[in-house]
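Undergrad: sequence-free structure coming up:
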């Protein structure tokens, strides 16, 4: 073997355990193996010492007649037919990174098709030589087992059995296993199959046809195998160019590394295979890893028009994948901003919610177009940037958002156009959505007025009113717009009714009066100031009296009874709950309204009781309607909506002459206008 200790030292052999073991796996792949086993055995169950460590495959074995070529010339291997890292004769000495001796037990087929077995041994102390045994005929299938003896401290059996080792192998061989699935190649670690797909986020194979624009007779087919990794891969993202035999000819950066992707999670590799690269040379490139290839028979190089067209096509393809990734990741990015506490806050009213929706859409577009804005910046910087964007959108300086972004990061002409269109579109859509929301809400208000004041005798609290109210909780304040049902409260209502029925001191008539006419329960998440707890649950309970029933002492006592039941129930006594209880009737009697002044200092209109985390409110129907108008009329005036025509328009479209028809229409209006809001509730997003 033509090797000296000096040449070994200069050869760049792998020094780490994983990269060294990988050399033998690549050698097995070169031998057309379909099963490769990496096996480590401990001296004892908990022992650190290694009893046995080897790599075994079912490949073609090492032909004895050519062993002098594969083992005899250190920097010249005959194995140059695959994209492997075991070539150039280096792979066989990789064991020096973790052991002092390697023995190859190999079986191959000779020219007569007979199985022949022999061994090869190399010792660290005599690394310039290898020892062979004479081949002997056996009845066995082909394959090679490389056994590593005299282990060094670097042979960490814990690492071999770890998830980190699986990850390292998957990142090294995952692409090869993925694009060669038809070969049924599997790698096993101590009998467990390596699931390389666990580390691949996305795989896609795309066929690309390039017609030479300078020569209509030249046309080539390329297969681009795109892999997006779930984690970093220890190197930048590259195009890897493979010839028809999957031999690596060169690699080139995709252009989407820190600036384009790697820094924010778009970690990818693209393996491009074509016979076009069979006679291709990159010898003039600075990043060439194949400078030792002979140039005989070279037809193409990186200056060829087909290659240039290919690169443009590939970069456009990766750009599309990057955009898809950012679009999908924009929701996650906004959630990360929210968790870091860097997003600006918005008011709880309808206008504030519309501003937040508008801001979120613009932020997603900015993140997709200029993700580098959010790379390598501190939390205060991130908060300032997000706040500046919010202020710009709220003010008359909206058109200057592009200038602000351009001063921080370079934007292409296409990116500027895309953002400009986004800013124009979101402003217009925001106005339209606000207009539609206002119109639908005023329609519901007018319908309820009819139910409560015109159809007083025919409107049923458990029928029409319930249908109309339970889909429109914004009636009680904008902060209650996004609420959801909680079936667990059903048991509380049942307990309340049971308490009434068991009250022997009351007559049946009195019990009937105390039973709630309409009982609605909802909850929502609200921000919580306590450290480590992002939100607490705010529970909303509404008891509606019949349109002809006033709220007096008896009615007020009913809601107090219910509050007391809640206090005593272990299932609902958490301090992380906040209770807001509403009772609504035709009018509120003086003995109840006199309580308003007592709690006015809390800044909550219509509050008549506050004990611990319980709030009780008493309102007339007219209070509900007037409060809504006070909150919304200025918007209605600005948008030039004639509310007097709203109900007339509804009647023209549908014959609504009965209370049930009116209630049904209120439900339809509410559900139609709240589809997006309900989606936000489902996402679990806390409200401010």
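TA: Great, that's in hand. If you're wondering where the values come from, they're calculated on a predicted model, not measured in any experiment.
Undergrad: beta partners for residue 136?
TA: residue 117 (DSSP bridges).
Undergrad: any idea how far it is from residue 19?
TA: Relative to residue 19, residue 136 is positioned 34 Å away (Cβ to Cβ, to the nearest Å). Every C-beta, even on glycine, is put in place using the N, C-alpha and C of the backbone.
Undergrad: Give me the more crowded residue out of these two.
TA: Between residue 136 and residue 19, counted using other Cβ atoms under 10 Å, residue 19 has the larger neighbour count: 15 against 9.
Undergrad: Over to the more buried one: give its phi and psi.
TA: Backbone geometry at residue 19, expressed as degrees, to the nearest 10, gives phi -70, psi -30.
Undergrad: do the same with residue 594
TA: Main-chain torsions, residue 594, degrees, to the nearest 10: phi -60, psi -20.
Undergrad: Near it, how many other residues are there?
TA: 10.
Undergrad: Quick check: the gap between it and residue 553.
TA: Residue 594 is 11 Å from residue 553, by Cβ to Cβ.
Undergrad: And for residue 583?
TA: For residue 583 relative to residue 553 (Cβ to Cβ), the value is 12 Å.
Undergrad: neighbour-wise, which of these two wins?
TA: The neighbour comparison of residue 583 against residue 553 (other Cβ under 10 Å) goes to residue 583, with 25 against 10.
Undergrad: residues in contact with residue 253?
TA: Contacts for residue 253 (Cβ atoms under 8 Å, 6 or more residues apart in numbering) come out as 236, 237, 238, 239.
Undergrad: give me the beta-bridge partners of it?
TA: Counting by DSSP bridges, residue 253 is bridged to residue 238.
Undergrad: so how far is residue 210 from it?
TA: Relative to residue 210, and taking Cβ to Cβ, residue 253 is found at 20 Å.
Undergrad: do residue 619 as well
TA: Applying Cβ to Cβ to residue 619 and residue 210 gives a distance of 73 Å.
Undergrad: do the same with residue 148
TA: 46 Å.
Undergrad: Pick out whichever of those two has more residues nearby.
TA: residue 148 (24 against 20).
Undergrad: Please give me every residue in contact with that one.
TA: Contacts of residue 148 by Cβ under 8 Å, 6+ apart are 53, 54, 95, 98, 99, 101, 102, 155.
Undergrad: what bridges to it?
TA: According to DSSP bridges, beta-bridge pairing links residue 148 with residue 102.
Undergrad: What's the separation between it and residue 54?
TA: Taking Cβ to Cβ, one finds residue 148 at 6 Å from residue 54.
Undergrad: what's the answer for residue 452, then?
TA: Using Cβ to Cβ, one obtains 85 Å as the distance from residue 452 to residue 54.
Undergrad: Neighbour count for those two, which is higher?
TA: Taking other Cβ under 10 Å, residue 452 and residue 54 do not tie; residue 452 has more neighbours (25 against 18).
Undergrad: Check whether that one sits in a helix, strand or coil.
TA: What DSSP: H, G, I helix; E, B strand; the rest coil gives for residue 452 is helix.
Undergrad: Find me the pLDDT at residue 559, would you?
TA: At residue 559, the predicted lDDT confidence score is 86.
Undergrad: let me redo that: residue 590
TA: pLDDT at residue 590 comes out at 94.
Undergrad: quick one: low-confidence parts of the stretch 201-350 of the chain?
TA: 257-264, 283-299, 349-350 (pLDDT under 70).
Undergrad: Residue 377 contacts residue 385, correct?
TA: Yes: look at residue 377 against residue 385 with Cβ atoms under 8 Å: they come within range, at 7.1 Å.
Undergrad: And those two? Which one has more around it.
TA: More crowded of residue 377 and residue 385, by other Cβ under 10 Å: residue 385, with 18 against 15.
Undergrad: Make sure that one is indeed in a helix.
TA: Yes: Residue 385 forms part of a helix when assessed by three-state DSSP.
Undergrad: and the residue nearest to residue 575 when sequence neighbours are not counted, how far is that from residue 577?
TA: Nearest residue to residue 575, sequence neighbours excluded (Cβ to Cβ, 6 or more residues apart in numbering): residue 613, at 6.7 Å. Separation of residue 613 from residue 577 (Cβ to Cβ) stands at 7 Å.
Undergrad: same question, residue 164
TA: 44 Å.
Undergrad: who's more crowded, the two?
TA: residue 577 (15 against 12).
Undergrad: OK, contacts around that one?
TA: Contacts of residue 577 by Cβ under 8 Å, 6+ apart are 536, 537, 538, 539, 613.
Undergrad: All the strands of the stretch 501-650 of the chain, residue numbers only.
TA: 518-527, 535-544, 577-585, 607-611, 614-620 (DSSP state E, counting those that start in this stretch).
Undergrad: any idea which of these scores lowest on pLDDT?
TA: Looking at those, the lowest mean pLDDT belongs to strand 518-527 (a mean of 57).
Undergrad: what does the model give the closest residue to residue 385 other than its chain neighbours for pLDDT?
TA: Spatial nearest neighbour of residue 385, excluding adjacent residues (Cβ to Cβ, 6+ apart): residue 373 at 6.6 Å. Per-residue confidence (pLDDT) for residue 373: 70.
Undergrad: do residue 164 as well
TA: In this model, residue 164 is scored at 90, pLDDT.
Undergrad: Wait, a helix at it?
TA: Yes: applying three-state DSSP, one finds residue 164 inside a helix.
Undergrad: That one and residue 21, how far apart?
TA: Taking Cβ to Cβ, one finds residue 164 at 13 Å from residue 21.
Undergrad: Spit out the residues that contact these two alike.
TA: What both residue 164 and residue 21 touch, as defined by Cβ under 8 Å, 6+ apart, is an empty set.
Undergrad: so where's the stretch 1-150 of the chain shaky on pLDDT?
TA: Judged against pLDDT under 70, the low-scoring parts of the stretch 1-150 of the chain cover residues 1-15, 45-47, 72-91.
Undergrad: change it to 90
TA: 1-20, 30, 41-52, 66-98, 125-130, 150 (pLDDT under 90).
Undergrad: All the helices of it, residue numbers only.
TA: Assignment of helices within the stretch 1-150 of the chain using DSSP state H, counting those that start in this stretch yields the ranges 5-10, 17-30, 67-72.
Undergrad: and the last one, which residues are buried?
TA: In terms of neighbour count (16 or more other Cβ atoms under 10 Å), helix 67-72 has its buried residues at 67, 70, 71.
Undergrad: any chance of these in CSV, plus distance to residue 36?
TA: Compiled in CSV, the buried residues of helix 67-72 are given as follows (distance: Cβ to Cβ, whole Å):
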residue, distance to residue 36
67, 21
70, 18
71, 20
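Undergrad: Can you tell me which of those is nearest residue 269?
TA: residue 70 (29.0 Å; Cβ to Cβ).
Undergrad: ok, that closest one touching residue 61?
TA: No: checked against Cβ under 8 Å, the pair residue 70 and residue 61 is beyond contact range at 11.1 Å.
Undergrad: before we move on, back to that, what secondary structure does the residue nearest to residue 385 sit in?
TA: Under the three-state scheme (three-state DSSP), residue 373 adopts helix.
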